[in-house]
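Trainee: Sequence and predicted structure are below.
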Amino acid sequence: MREVAVVATASRQVPVLTGTTEVQLMVPLIESARAAVGLTQEDIGFTCSGSSDFLAGQAFSFVHTLDAVGAVPPISESHVEMDGAFALYEAWVKLQIGEVDTALVYSYGKSSPGSLRDVLALQLDPYYLAPLWPPADAVAALQARLLLESGAASPEELAGIAVRSQHHAAANPNAVRSSTDVTVGDVLAEAPVADPLRPSDLAAEADGGCAVVLAAGDRASDLCERPAWIRGIDHRIDAHALGVRDLTRAPSAALAASRAGAGGDRLDLVELHSPTTSQEAILVREIGLDDTTVVNPSGGALAGCTLMAAGLMRIAEAADRITGGTADRALAHATSGPCLQQNLVCVLEGA
Amino acid sequence: MSAEPDGGAGEVRLPPSLEGVERVQSVRTPIRLEYDYRPSAAAESYLRAYEDRRIIGHRSPVDGAVFIPPRGVDPRHGTATTDEVELPDTGHVGNFCVTHLPIPGRKDLELPYVSAWIHLDGAAVGFLGLVRGCATDEVRIGMRVRAVWKPDDELGATAENILHWEPTGEPDVPVEWAGNRAFLRGQAGLEDGADDEATDA
Amino acid sequence: MADAPLRADLILEYPFSRTTGPVIGAFLTGLREGVLLGIRRADGTVMVPPAEYEPDTGESLSELVEVGPAGEVVSWTWVDSPRPQSPWDRPHGLALVRLDGADTPMLHGVLVDSPDELATGMRVEVVWSDEREGHIADIAGFVPKEPS
């Protein structure tokens, strides 16, 4: 295996992005990530992005966003209709093949002009579920109730996850929901929006984007004083039909974490892409975390969830803490599909 | 592709209570998505200018190329653009297509119609417009055109203010300097394709 | 006076008509005729709604069996604001319902007036729509089943 590292990141997230296109959102982020390690687009061997045409309301909208990269003369690039974390996986594979030494990965989501709830309903089975247009938070609530009634988590634990996220998010300029003084009692006093889930149990919707530069081997060491080495990355998927899954579990997350080597050593921190507190509780169990690991120092996706970029932002948050020297070993997670159907785990190390 | 009920999975049998009924083979699953679309600052400025019969482009800080419509970025370099340039409402046909098929929702379009890539004088790229005012078989690459605007009292913040483009009767831009090559010619230090003299080249 | 910011409606419509294939088609045929169908899996259990394949292995499945029309709520939530294109125009329950004779639950609405009327384990029965065409909304929803 080739050693591949995250050497630079740039992220921006706001509740609602106005007066700015997705292209204009990404221009400064891509420029900032490249410039942080002294690269121009000509130095980038492969570019891969993640986005959703349903958010943009425009077919093949990613082609437009290449305007933000500087794609002339023609560059080598690819796109996934998935979170940018999965674009990063594709870039990592490309680096493993050895054809290139550097890669640019970016993703973005501007869901505010449309209806995120309707778009998320459309990811469901088109015969049996999508025609019922169940709101995503209601589908997640069915999972949360199963979790609570199985005894695997309590309402207080879920509220505690929400409180921890909001407290951590207070130090994150990209968080769209934070609080220094919210308490478990405050969260439990909220009226449910999708019983048993309360507003603080659900990720705060956001618009935003993220850009990451990857480099392999010596190139990474040349570009960055302390690269965040990707020591394991894997993604796995469970069955789509909700009824055939044990929704209190996420076997694909456990398997991805195992194959990424999560349990090999102590983890200083994890960044989890959990759209609800109940899903975070499931992930903590499936990945096998103990009390010594800091969960979501950025506040996680609960503090701000940009569809298509929330997972890549988790990798960026974890990598930043390694390159910044405040962590030695970290895990980042991304999910897609209803109720944690698909999961990606990336283990990063500073040395 | 239609499913044959007794095709590949012919062994799938309905229970006795449903024997003999006509099988469902397709299902309607229409979807509708609504967006509240807001222009970027660059597009807003561009659309507002139309209210005053003005056409706005953005100048690239890299090499001065003028892009229309302005999108706040030079797409070749991924560089932000903010420098607004007012462009004339004259230019030439960089490319065109004669269409004999109607567009749903555009009953006002007489067939055949000519859609063309209009290269404004001073712009590095073309943008889409209709050409009228001459026979369709007279439209050609390099033909000089000017905008035909809606009456003043019908002007709004929209590119629809330009009803179509009509021939000016000026000498053509030579084919070898028409379209995007007009900009490349300027880059090469030659005269602008907009210049009357250039049409003699 | 400052001009109001420019905006425009963008509406995308996709008038899909999907081919069902033999198994989903059979299930939807059943709905039209007022019969609920599941499919038997390799381990003998019954999956509802049915798929052409075994979710774990991809193996083909073909034995349809009648299930329901009553069942048990496995999990539930409450939808205060149904989406405009959903079959429901007022607040309703949403539940995973395991039909009698089935081993997996299916998702559908529960037609009650308040979340206070919902509980895990409660018995419910299907309510059919008046007009049925072979569509998941041929099921109007489930209602609590009175003990007989």
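Mentor: In hand now; what should we look at? Residues are numbered from 1 along each chain as shown, chains lettered A, B, ... in the order given.
Trainee: Enumerate the helices of chain C by residue range, in sequence order.
Mentor: Using DSSP state H, the helices found in chain C span residues C:21-33.
Trainee: same thing with chain B?
Mentor: With DSSP H as the criterion, chain B has helices spanning B:41-50, B:181-187.
Trainee: Any idea how many residues pack against the closest residue to residue B:156 other than its chain neighbours?
Mentor: What sits nearest to residue B:156 in space, not counting adjacent residues and going by C-beta to C-beta, 6 or more residues apart in numbering or on different chains, is residue B:51, at 6.4 Å. Placement of C-beta: from N, CA and C, glycine included. The tally of other residues near residue B:51 (other C-beta atoms under 10 Å in any protein chain shown) stands at 13.
Trainee: go on, residue C:146?
Mentor: So residue C:146, with other C-beta under 10 Å, has 7 neighbours.
Trainee: Could you tell me the per-residue confidence at it?
Mentor: Residue C:146 is assigned a pLDDT of 81 by the prediction.
Trainee: which ones are touching residue C:96?
Mentor: By C-beta atoms under 8 Å, 6 or more residues apart in numbering or on different chains, the contact list for residue C:96 reads A:142, A:146, A:242, A:243, C:73, C:74, C:75, C:76, C:105, C:106, C:107.
Trainee: Just want the most central residue of the chain.
Mentor: In the absence of a named chain, this looks at chain A. Against the mean C-alpha coordinate of chain A, by C-alpha atoms, centre = their mean, the closest residue is residue A:311 at 1.1 Å.
Trainee: ah, no, chain B please
Mentor: For chain B, the residue sitting closest to the mean C-alpha position, by C-alpha atoms, centre = their mean, is residue B:128 at 3.0 Å.
Trainee: Hmm, residue B:119 and that residue touching each other?
Mentor: No. Applying C-beta atoms under 8 Å, one finds residue B:128 not in contact with residue B:119, separated by 11.3 Å.
Trainee: Against residue B:149, how distant is the residue nearest to residue B:156?
Mentor: Using C-beta to C-beta, to the nearest Å, residue B:51 is found at 11 Å from residue B:149.
Trainee: what touches both of these two?
Mentor: With C-beta under 8 Å, 6+ apart as the test, residue B:51 and residue B:149 both reach B:155, B:161.
Trainee: Tell me the helices and strands packed up against the lengthiest strand in chain C.
Mentor: Taking DSSP state E as the criterion, chain C has its longest strand at strand C:70-79. Here strand C:70-79 touches helix A:136-150, strand C:92-99, strand C:106-110, strand C:123-128, going by 3 or more C-beta pairs under 8 Å, 6 or more residues apart in numbering or on different chains; DSSP states H and E.
Trainee: Distance from the chain centre to it, please.
Mentor: Chain-centre distance of strand C:70-79: 11 Å, with C-alpha atoms, centre = their mean, to the nearest Å.
Trainee: can you check stretch A:339-347 too?
Mentor: Stretch A:339-347 sits 9 Å away from the centroid of its parent chain (C-alpha atoms, centre = their mean).
Trainee: Could you do stretch C:18-27 as well?
Mentor: That offset, for stretch C:18-27, works out to 15 Å (C-alpha atoms, centre = their mean).
Trainee: list the buried ones in it?
Mentor: C:20, C:21, C:22, C:23, C:24, C:25, C:26, C:27 (16 or more other C-beta atoms under 10 Å in any protein chain shown).
Trainee: Return the residues in contact with the residue lying closest to the fourth one once chain neighbours are set aside.
Mentor: Among residues not flanking residue C:23 along the chain, residue C:52 sits closest, at 4.4 Å (C-beta to C-beta, 6+ apart). Residue C:52 is in contact with B:9, C:21, C:22, C:23, C:24, C:60, C:61, counting by C-beta under 8 Å, 6+ apart.
Trainee: Can I get these in JSON lines including distance to residue B:66 and pLDDT?
Mentor: As requested, those are arranged in JSON lines below (distance: C-beta to C-beta, whole Å; pLDDT from 0 to 100):
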{"residue": "B:9", "distance to residue B:66": "60", "pLDDT": "47"}
{"residue": "C:21", "distance to residue B:66": "54", "pLDDT": "93"}
{"residue": "C:22", "distance to residue B:66": "59", "pLDDT": "93"}
{"residue": "C:23", "distance to residue B:66": "59", "pLDDT": "95"}
{"residue": "C:24", "distance to residue B:66": "55", "pLDDT": "96"}
{"residue": "C:60", "distance to residue B:66": "61", "pLDDT": "93"}
{"residue": "C:61", "distance to residue B:66": "62", "pLDDT": "93"}
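Trainee: What's the separation between the residue sitting nearest the centre point of chain C and chain A?
Mentor: Nearest to the geometric centre of chain C sits residue C:108, at 3.7 Å (C-alpha atoms, centre = their mean). According to C-beta to the nearest C-beta, to the nearest Å, residue C:108 stands 7 Å off from chain A.
Trainee: what's the burial count for the closest residue to that residue other than its chain neighbours?
Mentor: Spatial nearest neighbour of residue C:108, chain neighbours left out: residue C:139 (5.7 Å); criterion: C-beta to C-beta, 6+ apart. Using other C-beta under 10 Å, the number of residues around residue C:139 comes to 23.
Trainee: interface residues of chain B facing chain A?
Mentor: Residues of chain B lying near chain A by C-beta under 8 Å from any C-beta of the partner chain: B:27, B:29, B:31, B:33-38, B:40-44, B:71-73, B:75-80.
Trainee: Pull out the buried residues from the residues you listed.
Mentor: The buried subset of the residues of chain B next to chain A (16+ other C-beta under 10 Å) comprises B:27, B:29, B:31, B:33-35, B:38, B:40, B:42-44, B:71-73, B:75-80.
Trainee: any idea which helix or strand carries residue A:79?
Mentor: Using DSSP states H and E, residue A:79 sits within strand A:77-80.
Trainee: Buried residues in the very next helix or strand once past that strand, which are they?
Mentor: Counting by DSSP H and E, the next helix or strand C-terminal to strand A:77-80 is helix A:84-97. Under the neighbour-count criterion of 16+ other C-beta under 10 Å, helix A:84-97 has A:84, A:85, A:86, A:87, A:88, A:89, A:90, A:91, A:92, A:94, A:95 buried.
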